[in-house]
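In: Sequence isn't available, so here's the structure alone:
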């Protein structure tokens, strides 16, 4: 072998909440564990999660329990969810929150000293355990600090370029270290994909450079099935001004604390369009909505706290109708609560400290005095690697996935707060089952030819040199195209056009070249990432074309209604033996009667 | 749109110098936007670290016009426009390439610190009770995004290179977060005095000034820890008590 080989029982790719939780669990089960992460430890996108983690602990409202959480998650996902995952998630999330506390996390408290929970979109009761508006930081730091004392090997700033397989299973991967640009082979008995999402396929996104869909594309290339890729969550509230901060997240917590959405006429437009299946849970007047945010259990939630897909579409509609804010968004106003609360400014700063700081610093705006301008931003991928609910194993033996990299829990739309809980519930499960798989299945053999092929492909941009296509510009053009043609409002003709663009961009990517050397060469890294970005962009587009209806995060202008015919299956994507992307409809597993009943009783 | 001049420190393993770039900038742009624009159009292989671009991950630390800052939170319109903007890597850590430094020492330091170990749960269901006012201080410390700007500016590390004897402000904050955690049961006072070298800090508060999370590092974290060390090891009465009780 021309490259160093590093052995682990379980290899975890990605060091966000899901990856770290998986690593901790696999290690606890006695496996030797390695973690590969594109960035430094503690910098993954989990750090950006603000609002909190959903868990039916009933600390604030004793009517809450796993059944309500399960029903909320299924309703939010428009029933395309993997019901088993939704069930496990609702049942296990409280234990995962308490476990974080046992590992040192310091959540905000209730008056009687328990973990405080806050309201969030689509959750019937206050359910999100949180730390101000920096819950993700608390989670990742807790997992990181707990994990480093458990003998887990963390390989920081390593990017995976290919999964390795033998005849029957996944046996490791090839990666390069960013610092020196050297290839390494990681040999392992099981692999957990915890690589997060693909937000960088779009121009306006809350995601950092890392989220180029690596996990999906690497798994797909190795033969894994992907599912639900048409469902991309556009978070309703990203910053829109100034241009350089466009897309940066504004937490849903602002609305949970009483923030309201207004168009330029000052109208609270969310009251104009409340979906039928949420009518009896939603306030029909402003006073009731305010009382809900202040903890009045008899009040129903304000329409600003409807699900993200719906709020994002309403904002989009206001902007398109010419009723938007000066910079193409709408107004999000938390300052108005000074009419209701004494010391409102202090209250806002305490509840939403990083939002206050973010707007003050980046937009010269004091959110305790003025409304913010916000608009939808690409945020989250409901779809991903198709996994079995209990074990999180994909169709490829030895390949597991957890968190945003996996599909199933969220169906057609994710509820805010269900991501952080997803990470730890299914991170733990993936780690546990990967360790068991590693124990039950013996040593693996590496095929050197696969390693050499991957290394050769990765080095090709240097052969073409700086006179090749500029990789950054290829990436920018792809992002702009996906934003325009496969964005929040979709139609067939535009998406067919998008497929044509993707084919051309693929040709350009194949000509991408870079200068300089292999050491920390961001241009080279960008060139390598293009393959993954193009793969997932094609998958999103093909799935979105195939689903000729509007449901959850997928909104088709040419098919604006929900269709019963499309409610019975997931769209699954796989690579055919000739390399072509194939799409098929896989029927949903029928819900067992007891879970059907849970849904009925919570309607 | 204005065109500004940037001097970016480029090179490898400590060898190199400033290179000048001119770049058009628009309203609201931050230093990281300019670096990205230069990277995309003029210098594809320019090395820089970044992630969230919202001041939450602490990846894009650099020295801008000589001041340790996050590139993503430093607006260009807050810097003087009539002179070139200089961007350099953090100088306290070994250089890798361009704006990237080797910060792995920080991760090693944390491993050496005793892990959080909670007391027995307060309730039969395995949970604890804590009042918000008792955790406010710890939550302040836990805001830390590990950008290491405080380490960068600390003269004990930067000028005197005491990396092997002193853990730096970041990890004194970490120690404070553990020591003041209402549930933690471990004692780290002896290590703070000995291998963590808290005595090296002479409270010049440079770290507090550069903290992008506005953690009052010196006053709220380091000084109380120093007091614990003093109480334990230098207070004559407790010294006497230790001799008598043999503890």
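Out: On my side now, so go ahead. Keep in mind the model is a prediction, meaning the values are calculated, not measured.
In: can we go C-alpha only for contacts and neighbour counts from here?
Out: Fine.
In: now the strands: where do they sit in chain B?
Out: B:2-12, B:15-25, B:61-64, B:67-70, B:85-88, B:95-97, B:100-101 (DSSP state E).
In: looking at these, which is buried most?
Out: strand B:100-101 (a mean of 26; mean count of other Cα atoms under 10 Å in any protein chain shown).
In: Give the pairing partners of that one; include direction for each.
Out: If you go by DSSP bridges, strand B:100-101 pairs up with strand B:95-97 (antiparallel).
In: what's the distance between the most centrally placed residue in chain B and chain A?
Out: Nearest to the geometric centre of chain B sits residue B:148, at 3.0 Å (Cα atoms, centre = their mean). Remark: distance between residue B:148 and chain A (Cα to the nearest Cα, to the nearest Å) = 12 Å.
In: can you pull out the strands in the stretch 1-150 of chain A?
Out: A:5-13, A:33-37, A:53-54, A:117-118, A:128-129 (DSSP state E, counting those that start in this stretch).
In: Report all helices and strands that the third one contacts.
Out: Going back to what we said before, that points to strand A:53-54. Applying 3 or more Cα pairs under 8 Å, 6 or more residues apart in numbering or on different chains; DSSP states H and E, one finds that strand A:53-54 contacts strand A:128-129, helix A:418-440.
In: follow-up on the earlier one: pretty sure the residue nearest to the centre of chain B contacts residue B:167?
Out: No: contact between residue B:148 and residue B:167 fails when scored by Cα atoms under 8 Å: they sit 11.5 Å apart.
In: Which pLDDT value goes with residue 41?
Out: Just going to use chain A. Here, the pLDDT recorded for residue A:41 equals 97.
In: um, chain B though
Out: Note on residue B:41: pLDDT of 95.
In: Neighbours of it, how many?
Out: 12 (other Cα atoms under 10 Å in any protein chain shown).
In: now the one 5 residues further on
Out: Burial of residue B:46, expressed as a neighbour count using other Cα under 10 Å, amounts to 24.
In: mind listing what the nearest residue in space to residue A:40 that is not next to it in sequence touches?
Out: Of all residues beyond its chain neighbours, the one nearest residue A:40 is residue A:156 (5.3 Å), with distances taken as Cα to Cα, 6 or more residues apart in numbering or on different chains. Contacts for residue A:156 (Cα atoms under 8 Å, 6 or more residues apart in numbering or on different chains) come out as A:36-41, A:177.
In: got those residues as JSON lines, with neighbour count columns?
Out: Output for the contacts of residue A:156, formatted as JSON lines (neighbours: other Cα atoms under 10 Å in any protein chain shown):
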{"residue": "A:36", "neighbour count": "26"}
{"residue": "A:37", "neighbour count": "27"}
{"residue": "A:38", "neighbour count": "24"}
{"residue": "A:39", "neighbour count": "22"}
{"residue": "A:40", "neighbour count": "22"}
{"residue": "A:41", "neighbour count": "23"}
{"residue": "A:177", "neighbour count": "21"}
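In: For those residues, which two are the farthest from each other?
Out: Spanning the widest gap among the contacts of residue A:156 are A:41 and A:177, at 14.0 Å by Cα to Cα.
In: my guess is residue A:232 meets residue A:555, correct?
Out: No: between residue A:232 and residue A:555 there is no contact under Cα under 8 Å: 10.3 Å.
In: show me where pLDDT drops low in chain B?
Out: B:247 (pLDDT under 70).
In: what residues go with each domain of it?
Out: B:2-101, B:104-245 (automatic domain parsing).
In: out of those domains, deepest packed?
Out: domain B:2-101 comes out most buried of those by mean count of other Cα under 10 Å, with a mean of 20.
In: now do the same end-to-end measure for it.
Out: Domain B:2-101 has an end-to-end distance of 31 Å (criterion: Cα to Cα, to the nearest Å).
In: Spell out which parts of the stretch 1-150 of chain A neighbour chain B.
Out: Residues of the stretch 1-150 of chain A lying close to chain B (Cα under 8 Å from any Cα of the partner chain) are A:40, A:42-45, A:47-48, A:98, A:102-104, A:106, A:108-114, A:134, A:137-138, A:145-146, A:148-149.
In: give me the number of residues near the residue in the stretch 51-200 of chain A positioned nearest to chain B?
Out: The stretch 51-200 of chain A approaches chain B most closely through residue A:113 (4.5 Å), counting by Cα to the nearest Cα. Per other Cα under 10 Å, the neighbour tally for residue A:113 reads 16.
In: ok, and does stretch A:334-349 reach over to chain B?
Out: No: with Cα under 8 Å from any Cα as the criterion, chain B is not reached by stretch A:334-349; the gap is at least 13.7 Å.
In: rewinding a little: now the residue nearest to residue A:40. Its backbone dihedrals?
Out: phi -80, psi 150 (degrees, to the nearest 10).
In: Residue B:203 too?
Out: Dihedral angles (degrees, to the nearest 10) for residue B:203: phi 40, psi 50.
In: Can you tell me the closest non-neighbouring residue to it?
Out: Counting by Cα to Cα, 6+ apart, the residue nearest residue B:203 is residue B:218, at 6.3 Å.
In: what residues does the stretch 251-400 of chain A put near chain B?
Out: Residues of the stretch 251-400 of chain A lying near chain B (Cα under 8 Å from any Cα): A:358, A:361-363.
In: export these to CSV and tack on secondary structure, neighbour count and pLDDT?
Out: CSV is the format used below for these (DSSP: H, G, I helix; E, B strand; the rest coil; neighbours: other Cα atoms under 10 Å in any protein chain shown; pLDDT from 0 to 100):
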residue, secondary structure, neighbour count, pLDDT
A:358, helix, 22, 91
A:361, helix, 17, 91
A:362, helix, 22, 92
A:363, helix, 22, 93
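In: which of the residues you listed lies closest to residue A:21?
Out: Nearest member of those to residue A:21, counting by Cα to Cα, is residue A:358, at 28.9 Å.
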